[in-house]
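# All I have is the shape, not the residue letters:
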DNA sequence: TATTGTTATACTCTATAACTATA
DNA sequence: TATAGTTATAGAGTATAACAATA
């Protein structure tokens, strides 16, 4: 670990490239969300609940948010008809959140649009290079996930 | 909550991997910012102004924000002693924003910490693989930048 | 007239603390 | 007592519209 890594700006590190691509991706996601009147967080919640239900606390933990924040997010999405709540029959304290048909429909459209927005960024790479990039990125994403400690209890 | 809830499907695409890694990176940046009482946006502004000055409008354009939003961000950072404003001598309408010595110092510390946080994610890759990943990521980042049309004058 | 920046306003996002209901 | 969720509160982030100062 070189302590003065920040001093050397001439050679860009892989770490810096990851930060930069992250900013571009999130910028695109924010724009796509805004075009559909969704914040980045709402976009993400909708994506998560596209094909499963989740408890308020689990969703909050997964997103790294407080449960009260999650409550508000679900409130607003519910008011817009994108999400809905169910009392959990097995535990009266629990509230299961899920996407309405409109929510699911919107989530699918958003997912397609996001992939379409991202595709042109990969144009400079040949097909074999894309496969190579995917293969190299996968272990990094997996490790990031592993190291990102957040109580993730059984969704479904 | 299952980890890659927001993407899906049997065969994960490279596009999905980019979205996932972006969420993890931004999650880490948000956490590092929070540990220093900075929002993700403030963290980014400070990073940008670490080694240059910029006009309010240019900064806003670069970040994809309204100039009024930028005004507020600078207000709060100025109140904390991290940023400061200068009247531009050549054009009386323009306000140049720059980091104070404290701001520069904090920005350097944050940059180091961010690189330190990211490094472990790359552990699964051998040194040659990291070089390979960096080489494949670079054209993608460059293309993302090229396609992300935002008038960026002065600064970078 | 056009541009630069600020202010007023109205949201959303966010966490903390206090609360209710259930276990 | 402990857990799940909501509500009250306060502050930050955000855009739109109106404004002042300068060009």
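That came through fine. The shown structure was predicted, so the numbers you read here are calculated from the model rather than taken from an experiment.

# Please enumerate the helices of chain A.
In chain A, the segments counted as helices under DSSP state H are A:14-35, A:40-48, A:56-63, A:67-79, A:101-118, A:127-147.

# Next, the buried residues of the second one.
Put plainly, it is helix A:40-48. Using 16 or more other Cβ atoms under 10 Å in any protein chain shown as the test for burial, helix A:40-48 gives A:40, A:42, A:43, A:44, A:45, A:46, A:47, A:48. Where you see a C-beta, it was placed from the backbone N, CA and C, and this is true even at glycine.

# returning to that earlier point: and residue B:106, which of the helices of chain A is closest to it?
helix A:14-35 (16.9 Å; Cβ to Cβ).

# Which residue, other than its chain neighbours, is closest to residue A:100?
residue A:84 (5.3 Å; Cβ to Cβ, 6 or more residues apart in numbering or on different chains).

# Give me the pLDDT for that neighbour.
pLDDT recorded at residue A:84 is 98.

# how much space between it and residue A:95?
Distance of residue A:84 to residue A:95, given as Cβ to Cβ, to the nearest Å: 10 Å.

# ok, now which ones touch residue A:45?
A:59, A:63, A:73, A:74, A:77, A:83 (Cβ atoms under 8 Å, 6 or more residues apart in numbering or on different chains).

# now those as JSON lines including neighbour count and distance to DNA strand D?
Below are those laid out as JSON lines (neighbours: other Cβ atoms under 10 Å in any protein chain shown; distance: Cβ to the nearest atom of the strand, whole Å):
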{"residue": "A:59", "neighbour count": "23", "distance to DNA strand D": "8"}
{"residue": "A:63", "neighbour count": "19", "distance to DNA strand D": "13"}
{"residue": "A:73", "neighbour count": "22", "distance to DNA strand D": "9"}
{"residue": "A:74", "neighbour count": "22", "distance to DNA strand D": "6"}
{"residue": "A:77", "neighbour count": "22", "distance to DNA strand D": "12"}
{"residue": "A:83", "neighbour count": "23", "distance to DNA strand D": "11"}
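
# could you point out where chain A is predicted with low confidence?
Applying pLDDT under 70 to chain A flags the ranges A:1-11, A:149-156.

# ok, is stretch A:102-121 in contact with DNA strand C or not?
No. Judged by Cβ under 7 Å from any atom of the strand, stretch A:102-121 and DNA strand C are separated, with a smallest distance of 14.1 Å.
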